[in-house]
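*Asks:* Got a sequence here, can you build the structure:
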Amino acid sequence: MNNQLTAFIFLAFVALSCNNMGNQNALVARVGDKTLSWAELMDVIPDNSNALDSAALAERYIQNWAKQQVLISQAESSLSDEKKSFDALIENYRTSLLTYTYEQEWINQKLDTAVTEDEIVKYYNDNEKNFELRDYILKVKFSAIASDSKAIPGLKKLFYSTKPEDLVKLEKYCVENGASYYFNEDRWMLWEDFIKQIPLAGFDPETFLKKNKNFEFEKENNLYLMTITDYQLNGTRSPLSFEKERIRSLIVNKRKMDLLDTMREDLYQKALQEKRVETFYEKK
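*Replies:* Numbers count the residues shown, from 1 in each chain. Just a heads-up that it's a prediction; the model follows:
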């Protein structure tokens with residue numbers, strides 16, 4: 001865009017701002033038989049923009065619109081009729097979108113997402129082969145602090161304490177002394193996720209888990225403390241507590257699929273009864 005056009009757009013916005021009855025049907029740009037009007041342009045300009053900002057936005061929009069129309073024109077003239085025919089694709093997309101939207105509405109109305117503990121346990125026991133661990137998992141608490149910190153003795157005392165009240169003190173102590181920590185010993189953690197936080201990548205996980213309950217080491221100017229309270233080895237049956245949420249999702253998803261199958265079959269049978277479905281072949 002040249003400076004003259006920018007100045008013209010600026011003056012036009014000033015005029016339109018002062019006169020709401022301005023001729024917004026007037027054309028701003030044309031590419032072949034495609035046109036852009038002032039009304040269309042004004043729709044994309046924020047109402048709270050001043051005239052100068054509006055002119056700059058309009059200039060960019062006009063240029064992008066013109067480039068797009070030139071590209072469309074080139075594609076129209078260059079591609080064969082076969083390659084330009086999107087009727088089947090459009091119809092398939094519309095059909096997929098229509099059925100998906102209807103099915104989602106149906107699911108939202110009919111699906112029961114409540115899953116009992118008994119259902120989870122039954123699914124777990126009935127599908128034992130589907131719950132083999134692909135990674136090592138562990139229950140652990142750990143903390144890391146600068147190797148030269150004067151807070152290390154106090155940290156160790158609280159970290160290895162078995163008193164429930166000391167866990168609260170430990171968290172507060174870590175925050176006050178700049179130590180990182182993880183104390184959620186009730187949750188299983190994948191070994192892969194564990195070594196992202198604790199630099200143990202060089203250790204064999206099976207050997208490490210079997211031989212260590214409490215472990216301390218220094219690396220890169222940090223002291224690491226950890227206590228492993230439980231673990232499961234790769235290839236063993238995954239514990240139920242680790243799989244609960246996945247099982248819950250699997251049960252709900254199975255209900256969803258069954259609900260959709262039933263809905264589709266019911267609609268089909270109803271259409272057959274109402275003679276809205278005709279087939280023109282001999283059944284064998």
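*Asks:* and residue 257, what does it touch?
*Replies:* Shown in contact with residue 257 (C-beta atoms under 8 Å, 6 or more residues apart in numbering): no residues. All C-beta atoms are positioned from the backbone trio N, CA, C, and that covers glycine.
*Asks:* if I look at it, how far off is residue 164?
*Replies:* Here residue 257 is placed at a distance of 45 Å from residue 164 (C-beta to C-beta, to the nearest Å).
*Asks:* do residue 271 as well
*Replies:* Between residue 271 and residue 164 the computed distance is 64 Å (C-beta to C-beta).
*Asks:* Tell me which of those two has more neighbours.
*Replies:* Counting neighbours by other C-beta atoms under 10 Å for residue 271 and for residue 164 shows that residue 271 has the greater number, 11 against 7.
*Asks:* Check the offset of the host helix or strand of the more buried one from the chain's centre.
*Replies:* Residue 271 belongs to helix 240-273 when assigned by DSSP states H and E. Put simply, helix 240-273 sits 23 Å off its chain's centre (C-alpha atoms, centre = their mean, to the nearest Å).
*Asks:* just stretch 155-163 next, same as before
*Replies:* Centre-to-centre, stretch 155-163 and its host chain are 39 Å apart (C-alpha atoms, centre = their mean).
*Asks:* can you list the residues that contact that stretch?
*Replies:* Contacts for stretch 155-163 (C-beta under 8 Å, 6+ apart): 141, 143, 145, 149, 166-167, 169-170, 173-174, 177, 179, 214, 225, 227.
*Asks:* If we use 6 Å, what do you get?
*Replies:* Here stretch 155-163 makes contact (C-beta atoms under 6 Å, 6 or more residues apart in numbering) with 143, 145, 166, 169, 170, 173, 225.
*Asks:* mean confidence for that stretch?
*Replies:* The average of the pLDDT scores along stretch 155-163 is 93.
*Asks:* got the buried residues for that stretch?
*Replies:* Buried residues in stretch 155-163, defined by neighbour count with 16 or more other C-beta atoms under 10 Å: 155, 158, 159.
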